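> The sequence isn't on hand, but the structure is:
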């Protein structure tokens, strides 16, 4: 997933949301308390520059490092007061989120439709219901999550008792992204609140309707002294990254992930980075073809039209099996999206012009464009590309090097399916890897040999919905995880507590050191009760 | 560049899959135990040479710790590598979910100089147990131990999978230019920042074990016996391990005004008993690691307001790099000794009117690795736990939490992030991979387009676990 904001001019701080036909530039500047929107048609860069420079002044005034510092200080005061640590406060805030989602469902769906043309059911399935489940689980389990966990102690510290106490980290920053803009903003915020922190949320400006909806709704429903939203683009994010946070939770692309981590390093701030990668799906020939095709499509085109960090990026199948798979996909695509998929309302659109052009670039590359076997149609004004399948594009083509994040699906064929392992392992580790197979041994080999954030066998994307599984990346796809209790943990410090009594103070610990004490020390550290007794009796 | 050749070999070894086998990991751990047992005297000698540690101190804090850690890991490894089952929602039935730990790959471990054997080998145990290949960079400030590790490790451990590299800052900088799958760093916050910034280039996860001023709150206890035990534990815990040069050393004490003099007398008594009275004749106590740190500590005492607050000790021997156990009473709060982590044998005592004021005092400073509190007041204990933040809290003792393998050892805020010891070491060098297994049947039609109102209704009911509603819907008795 990428937060991409193209800035036309080096010192321009507004974000360019779209570059349309006829040189129409739409740009948006938003800041905390007001929303100021400019759009205009321009024919020359001079005009654009002049208009932009006047807004640039406003941008510079509205959210700079001082503003950020003031914001963090306010939240720190709230946190220091202890308010956010109380169980009651956390529960009340989680209940507010739940209520907010129930009462404003229609507005949320509308905003998602405006930003991504997301079909209502897809919005409900992938964003609203996921957020609600997350909130519900937190409400149900919070008491248990907050309880200290007793741990065993050994002879080395006898007599003693020990426990692990969860405490909030403090004031945390959640930076969200545009493809599931509602879910990926609120889900981490739910974790942060459950863990007792104060939170600043920075939604993505590339999904502006959802961003301003979140700003408005969280302002209405939540405790403003502890939970705030800062809207904006690169400038605002950079400003936020300059101040000290107790944790930063970032969802987005690897490039910005690096910037976030480097900024966090200055303050020794721990980070969770939920990034992306090319999620492969290996398809064996012994599968139920129709179910497989449906689940692949569900994990590709019915999932934000391929714009998902765990969407199927490319498929690997044997040379022999690939044609059958392609036929099955073709027929199920028709079943789902109709004869002319460009007419179907059941797919999201490409988010903006920048990404549309990026995808067309991937598609039209030399030696790639002639490998299209299904689809390929495009419509720039609608920001739509048909579900497109390509067969055996070159491995060094751009479409096989970059994360696609769109409705293009390359299928790469191999002689034997085992060859897929090397191909996958040559690429950076992805957030997810998929296998469709009925061969138990092959499944085991796959799980053992393929490293990814998570793996799903015989399905796609669903691992996201299982709140008892950690959701996170490894290597280039990120670090840290969340969902369910893992969200609570991601925003907590697990404090170790050891209780000792004054009884049983052995002189062995203290100088002056004698050979007898040395033997006793060895015995004590070995944990062997007999040795300890013998040593204390002077018998060894 | 030698280092990149070494890393390339480590990567080849990891790719070969050898380090993933549990048998390999166990063999390496056993070999490490042999290494320690067969070279105990050499280790004692090296530690004495680098830091003046007495063999009993060396056994307690280094040799014994590694033996214990390796044995514990060996006995638990089979359990740790096994996948953990997860509960799945009924909607996905039949399905299986589990979390499978896997090694991260090629890891870099930076060890500090104050416990040069423990801080190198304990993380190494974690990295090996998790199935990684490792490059170990011990500190050059403990040169005898560094040489020992460089010479001995290749004779016992798989040297295509575990390598040791010496050298100074330049080597560390070169290492940080390379790509690692994990970096484990023990050291100061200043260098911790540099390590994390370098790691950001490759999105390498890091564990930073840093430090900060670890306070010990000393409340008035109910009996002289307990007070004596507390004093012993403070003295033994402060000057016993590396003469106060430990990230978890008691940095300063907080006591009520009226109790300070009693405590000071007891501390003096035990200092004399444990270590001796004369700086020329100190026993069972380590020395300052080098001239640079000696000067640093000496300079802390040179501030005239600080020097005036010395109530015991204060003598130094520059040739032997020894500073005697020193107690100060209420040095100025803005003096360097009260703003920087001391990391040496100086113990300021700060008096407060009421012991509860300690909490605010502690909170005015960066989060430490440990907060120690000697108290029997259960309410006060609860307040300390909930109103302060630190890596660990230890009640009524010092240092000993280090031996507890079931407790995570790590910092928060300025004292670092990530943790290890026991299973946490295994976890810190692992990726916990989520695995979801599904069958092909049954199929949930409402997952798929084309979208209809029926499907929307179905999903809404399913998420509410409204089974009755679902049945009615499917029987056509509920309007969609």
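Looks like it came in fine. Quick caveat: nothing in here was measured; it's all calculated off a predicted structure. Numbering: from 1, shown residues only, chains lettered A, B, ... in the order given.

> residues from the stretch 101-250 of chain B in reach of chain A?
B:102, B:104-105, B:181, B:189, B:192-194, B:196-197, B:199-201, B:203, B:205, B:208, B:210, B:221, B:225-226, B:229-230, B:232-233, B:235-236, B:240 (CB under 8 Å from any CB of the partner chain). (C-beta placed from N, C-alpha, C; glycine too.)

> And stretch A:363-381, what's buried?
Across stretch A:363-381, burial judged by 16 or more other CB atoms under 10 Å in any protein chain shown covers A:363, A:368, A:371-376, A:378.

> Then stretch A:201-220?
A:201-215, A:217-218.

> Next: stretch A:281-290.
Within stretch A:281-290, the residues that qualify as buried are A:281-285, A:287-289, counting by 16+ other CB under 10 Å.

> Pick the one among those residues closest to residue A:90.
residue A:281 (38.9 Å; CB to CB).

> Show me what that closest one is bridged to.
In this entry, residue A:281 is beta-bridged to residue A:315, residue A:434, by DSSP bridges.

> can you pull out the helices in the stretch 51-200 of chain A?
A:65-80, A:87-103, A:105-116, A:120-123, A:129-146, A:183-194 (DSSP state H, counting those that start in this stretch).

> any chance of these in JSON lines, plus mean neighbour count?
Below are the helices of the stretch 51-200 of chain A laid out as JSON lines (neighbours: other CB atoms under 10 Å in any protein chain shown):
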{"stretch": "helix A:65-80", "mean neighbour count": "16"}
{"stretch": "helix A:87-103", "mean neighbour count": "16"}
{"stretch": "helix A:105-116", "mean neighbour count": "20"}
{"stretch": "helix A:120-123", "mean neighbour count": "22"}
{"stretch": "helix A:129-146", "mean neighbour count": "19"}
{"stretch": "helix A:183-194", "mean neighbour count": "28"}
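
> which SS state does the closest residue to residue B:72 other than its chain neighbours fall under?
Excluding the flanking residues, the one nearest residue B:72 by CB to CB, 6 or more residues apart in numbering or on different chains is residue B:405, at 5.4 Å. State at residue B:405, reduced to three classes by DSSP: H, G, I helix; E, B strand; the rest coil: coil.

> OK, contacts around residue B:405?
Going by CB atoms under 8 Å, 6 or more residues apart in numbering or on different chains, residue B:405 touches A:154, B:68-69, B:72, B:421-423.

> re earlier: of the helices of the stretch 51-200 of chain A, which approaches residue B:290 most closely?
With CB to CB as the criterion, residue B:290 lies closest to helix A:65-80 of the helices of the stretch 51-200 of chain A, at 38.9 Å.

> Contacts for that closest one, please.
Looking at what lies outside helix A:65-80 - CB under 8 Å, 6+ apart - the contacts are A:32, A:84, A:168, A:170-171, A:197-200, A:225-226, A:228, A:230, A:239-240, A:242-245, B:363.

> before we move on, back to that, format the helices of the stretch 51-200 of chain A as TSV; extra columns: mean pLDDT.
Below are these laid out as TSV (pLDDT from 0 to 100):
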stretch	mean pLDDT
helix A:65-80	96
helix A:87-103	98
helix A:105-116	96
helix A:120-123	91
helix A:129-146	96
helix A:183-194	98
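
> For residue A:528, find the nearest of those helices.
Closest approach to residue A:528 among the helices of the stretch 51-200 of chain A (CB to CB): helix A:129-146, 36.5 Å.

> What helices and strands are in contact with that closest one?
If you count contacts as 3 or more CB pairs under 8 Å, 6 or more residues apart in numbering or on different chains; DSSP states H and E, helix A:129-146 packs onto helix A:87-103, helix A:183-194, helix A:485-490, helix B:453-463.

> touching chain B at all, the longest one?
Just to be clear, that refers to helix A:87-103. No. Counting by CB under 8 Å from any CB, chain B has no neighbours in helix A:87-103; the shortest distance is 11.2 Å.

> thinking again about what came up before, how about the helices and strands packed on helix A:129-146 in TSV, adding distance to residue B:432?
Shown next, in TSV, are the helices and strands packed on helix A:129-146 (distance: least, CB to CB, whole Å):
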stretch	distance to residue B:432
helix A:87-103	26
helix A:183-194	17
helix A:485-490	9
helix B:453-463	27
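
> from the buried residues of stretch A:363-381, which is closest to chain B?
Of all those, chain B sits closest to residue A:375, with 15.6 Å by CB to the nearest CB.

> still on that earlier bit, just want the phi and psi numbers for the residue nearest to residue B:72.
Here is the backbone geometry of residue B:405 (degrees, to the nearest 10): phi -70, psi -10.

> what's the answer for residue B:448, then?
phi -110, psi 150.

> before we move on, what about residue B:208?
phi -120, psi 110.

> Would you agree it is in contact with residue B:411?
Yes. The pair residue B:208 / residue B:411 is scored as a contact, 7.5 Å apart, by CB atoms under 8 Å.

> who touches both of those two?
With CB under 8 Å, 6+ apart as the test, residue B:208 and residue B:411 both reach residue B:417.

> who has more neighbours, the two?
More crowded of residue B:208 and residue B:411, by other CB atoms under 10 Å in any protein chain shown: residue B:411, with 30 against 27.

> didn't that one look like it was pressed against residue B:391?
Yes. Between residue B:411 and residue B:391 a contact is recorded at 4.2 Å, counting by CB under 8 Å.

> any common contacting residues for the two?
By CB under 8 Å, 6+ apart, residue B:411 and residue B:391 have these common neighbours: B:367-369.

> Which among these count as buried?
By 16+ other CB under 10 Å, those give B:367-369 as buried.

> just checking, which of those belong to helices?
Secondary structure from DSSP state H places none of these in helices.

> got a markdown table for those residues, with pLDDT and distance to residue B:468 too?
Shown next, in a markdown table, are these (pLDDT from 0 to 100; distance: CB to CB, whole Å):
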| residue | pLDDT | distance to residue B:468 |
| --- | --- | --- |
| B:367 | 96 | 52 |
| B:368 | 96 | 56 |
| B:369 | 96 | 55 |
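
> Out of those, which is nearest to residue A:521?
Distances from residue A:521 to those, taken by CB to CB, are shortest for residue B:369, at 23.9 Å.

> All set now, cheers.
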